[in-house]
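Participant: Build the 3D model from these lines:
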Amino acid sequence: MPLLCQCRVYSDRPTCRTVDRGEPTTVDRKAPEVIVARAKRLPVDPIAEAKRQWLEHGWTDAAPGMTLVTSIMRAQQLLLARVDATLKPFKLTFARYELLTLLSFTRSGRMPMASASLRLQVHPTSVTNTVDRLEASGHVRREPHPDDGRATLITLTESGRALAERATAALNADVFERPGLSRDDTESLVGLIARLRRDAGDFDDPRPAPDPL
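Facilitator: This is a model prediction of the structure:
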C-alpha cells in the first residue's frame, strides 16, 4: 500500500536510529526516495485514509495500531528532516552530533567505544564509522584504554567540543524549543512514547545508579 511505503523509515535497525553513511542525509541513498516535505499540503491525511481502508476491510482491531505506528514513523521523518537541515551547515549528521554531544556530557570528555554503542543504541560498526568521520575532521581521536588492552577510548578534541556547542545552540533554537506542540502536549506525548519504549525493553525503569557517565 502506498501509505505504508511512504511512511517507512529506512534504517538498519528496527528502532530507527540514525546510521552514519557519509554525507548528511535523512534517507538511505540505496532505498527508494521518501518524501519528507511537500510544496503543498495534501487535501486529506493519507494515514487517516489508510485507517478508513483498514476499517472497511474489517481489520478493526488492527486499525488503531496501524495508525499509531505509521503516524510515529511519519512524524520521525518530518522531525529528522528539520534536524538534518539545522545540522547541515555544521557538516554533521545526527549520528555524529549525538556522539559529540555524548562525549561532551562525560566528565573526562572520553568513553570506550563499546559504551558509546550501548548509550547511542546503535551497532558497534555504526559507532566505528561515525568515529572514522569525526576523527578525519579532527573532532575526536582514538586512544588506547589504560586498563583494558582490548578496548579503545574515544576522546573529544577542543574543536569537537566547540562544534557540539554550536550545533546544540542551533538545534535548541530551531527545533527543540519549538517542536510543533505545546509544552503540555509535548510532555504528555513524551510520557506515552517512553512507556511504549520501556515496555518494548528499550530501557530499565528506574534508571541505573550511579549514572554510567
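Participant: Least confident secondary structure element in this structure?
Facilitator: Sorted by mean pLDDT, DSSP states H and E, the helices and strands of the chain end with helix 2-6, the least confident at a mean of 42.
Participant: got a pLDDT number for residue 203?
Facilitator: Residue 203 is assigned 85 on the pLDDT scale.
Participant: Run a quick check on it versus residue 197, I expect a contact.
Facilitator: Yes - between residue 203 and residue 197 there is a contact at 6.5 Å, judged by CB atoms under 8 Å. Glycine gets a C-beta too; all of them are placed from N, C-alpha and C.
Participant: Check the offset of the host helix or strand of residue 194 from the chain's centre.
Facilitator: Secondary structure from DSSP states H and E places residue 194 in helix 183-199. Averaged C-alpha coordinates place helix 183-199 at 16 Å from its chain's average position (CA atoms, centre = their mean, to the nearest Å).
Participant: I'd like the average pLDDT over that helix.
Facilitator: 95.
Participant: Show me the contact partners of it.
Facilitator: In this structure, residues lying in contact with helix 183-199 by CB atoms under 8 Å, 6 or more residues apart in numbering are 72, 179, 181, 203-205.
Participant: Please list only the buried members of those residues.
Facilitator: The neighbour count (16 or more other CB atoms under 10 Å) marks residue 72 as buried among the contacts of helix 183-199.
Participant: Looking at the contacts of helix 183-199, which are in strands?
Facilitator: Of the contacts of helix 183-199, none are assigned to strands by DSSP state E.
Participant: now the contacts of helix 183-199 in JSON lines, with distance to residue 155?
Facilitator: Converted to JSON lines, those look like this (distance: CB to CB, whole Å):
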{"residue": "72", "distance to residue 155": "36"}
{"residue": "179", "distance to residue 155": "32"}
{"residue": "181", "distance to residue 155": "37"}
{"residue": "203", "distance to residue 155": "26"}
{"residue": "204", "distance to residue 155": "28"}
{"residue": "205", "distance to residue 155": "32"}
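Participant: Name the pair among the contacts of helix 183-199 with the greatest separation in space.
Facilitator: Pairwise distances across the contacts of helix 183-199 peak at 27.3 Å for 181 and 204 (criterion: CB to CB).
Participant: just the strands in this protein please.
Facilitator: In the chain, strands defined by DSSP E lie at 110-112, 140-144, 152-156, listed in chain order.
Participant: Map the structural domains onto the sequence of the protein.
Facilitator: Split into domains by automatic domain parsing, the chain comes to 2-91, 94-168, 181-213.
Participant: hey, least reliable of these by pLDDT?
Facilitator: Ranked by mean pLDDT, the domains of the chain bottom out at domain 2-91, which scores a mean of 74.
Participant: from what I can see residue 101 touches residue 165, true?
Facilitator: No - assessed by CB under 8 Å, residue 101 is found out of contact with residue 165, at 9.3 Å.
Participant: and residue 113, how many residues sit next to it?
Facilitator: 18 (other CB atoms under 10 Å).
Participant: Run through the residues that contact it.
Facilitator: 124, 127-128, 131, 151-154.
Participant: Now flag whichever of those residues is closest to residue 96.
Facilitator: residue 131 (9.2 Å).
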